[in-house]
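Novice: whatever this is, show me its structure:
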Amino acid sequence: MTRPSWAPDDIDLDRPSASRVYDYFVGGMHNFEIDRQLAQQIEAFTPDVAETMRANRDLLRRCVRFLIDAGISQFLDIGSGIPTVGNVHEVAQGRDPSARVVYVDIDPVAVAHSRAILGDDPNTAIIQADISDPDAILSDPQVAKLIDFDQPVAVLLLGVLHFVSDEANPLGCVAGLRDAVAPGSFLAITHATSDGQPTEVLEAQKLSGRTSTEIVLRSKAEITEYFDGWSLVEPGLVHLPLWRPDNLDDIGAHPEQSGAYGGVARKH
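Specialist: Presented below is the predicted three-dimensional model:
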């Protein structure tokens, strides 16, 4: 296939990418046929998967608005993926033009396209790094340039920790980020779960093993552990549509079908 201009030369176009599959599900344009094929296989098992992805994106926007209103003006978005309409800097700067955002992703396609989207915006940056190495993120010069860790910061881990294996110590990674931020900072997490999910969802999860980032489904109790040292804000850790919906009609009859939990917490 012809390599598009936004795809770096070292990208393997014959292997699906988790971030490009996600991009497809939320209506993005930066995915390949191999990604669409995998997405369609996943969707055959779980017809609601695209809606789940959109629920995660909708929560991101509600979360950023909440954080801006809480006085946060700097954001560290880890596992940011390929930017689509309504990303963090668009929502944040729409409310506070001085808001600063650093995006972090391990996928070089996501990073390359983010650079093109962000252009010369002095209040945003993108770095290629892995959540499993928080020290590398915290010490990156671009992070240091935009994020003042002596002041409150929002750490966004939306839809990323379920890509971190138990062997990579995700609890330790989150603890390292917690220890680095000032009191008054916030942590936001969304995470896929096995709780109450039908067999077909668990089968679809196995397909993620074909990408470089296999999904690890965790229980609500396991996800709650990431908030150790933080205080959850209302309504706590809940299914995605239940977290501060703009309209009660948005919740739907079965919010548990989102297949994921979301929560925001503050460091005291």
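
Novice: thought residue 154 was touching residue 189?
Specialist: No. Between residue 154 and residue 189 there is no contact under C-beta atoms under 8 Å: 11.6 Å. Glycine gets a C-beta too; all of them are placed from N, C-alpha and C.

Novice: what does the helix or strand encompassing residue 156 contact?
Specialist: Secondary structure from DSSP states H and E places residue 156 in strand 154-158. Contacts with strand 154-158, where a contact means C-beta atoms under 8 Å, 6 or more residues apart in numbering, come from 56, 59-60, 63-64, 67, 72, 74-80, 88, 131, 174, 177, 181, 185-190, 226, 262.

Novice: now do 7 Å
Specialist: Residues outside strand 154-158 that contact it (C-beta atoms under 7 Å, 6 or more residues apart in numbering): 56, 60, 67, 72, 75-79, 88, 177, 181, 185-190.

Novice: what's the mean pLDDT across that strand?
Specialist: The average of the pLDDT scores along strand 154-158 is 97.

Novice: put the alpha carbons of stretch 146-166 into CSV.
Specialist: Provided in CSV are the C-alpha atoms of stretch 146-166 (Å, rounded to 0.1, in the frame of the first residue of the first chain):
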residue,chain,number,x,y,z
LEU,A,146,5.7,23.2,30.1
ILE,A,147,4.8,21.5,33.4
ASP,A,148,5.7,23.1,36.8
PHE,A,149,5.6,20.2,39.3
ASP,A,150,5.6,22.6,42.2
GLN,A,151,2.1,23.6,41.1
PRO,A,152,-1.0,21.3,40.8
VAL,A,153,-1.2,19.3,37.6
ALA,A,154,-3.7,16.9,36.1
VAL,A,155,-2.3,13.5,35.3
LEU,A,156,-4.6,11.8,32.7
LEU,A,157,-4.4,8.0,32.3
LEU,A,158,-7.5,7.5,30.2
GLY,A,159,-7.6,4.1,28.5
VAL,A,160,-3.9,3.4,29.0
LEU,A,161,-3.4,1.3,32.1
HIS,A,162,-5.2,-1.7,30.7
PHE,A,163,-2.4,-1.8,28.2
VAL,A,164,0.2,-2.3,31.0
SER,A,165,0.8,-5.8,32.0
ASP,A,166,1.0,-6.8,35.7
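
Novice: buried stuff in it?
Specialist: 146-147, 152-164 (16 or more other C-beta atoms under 10 Å).
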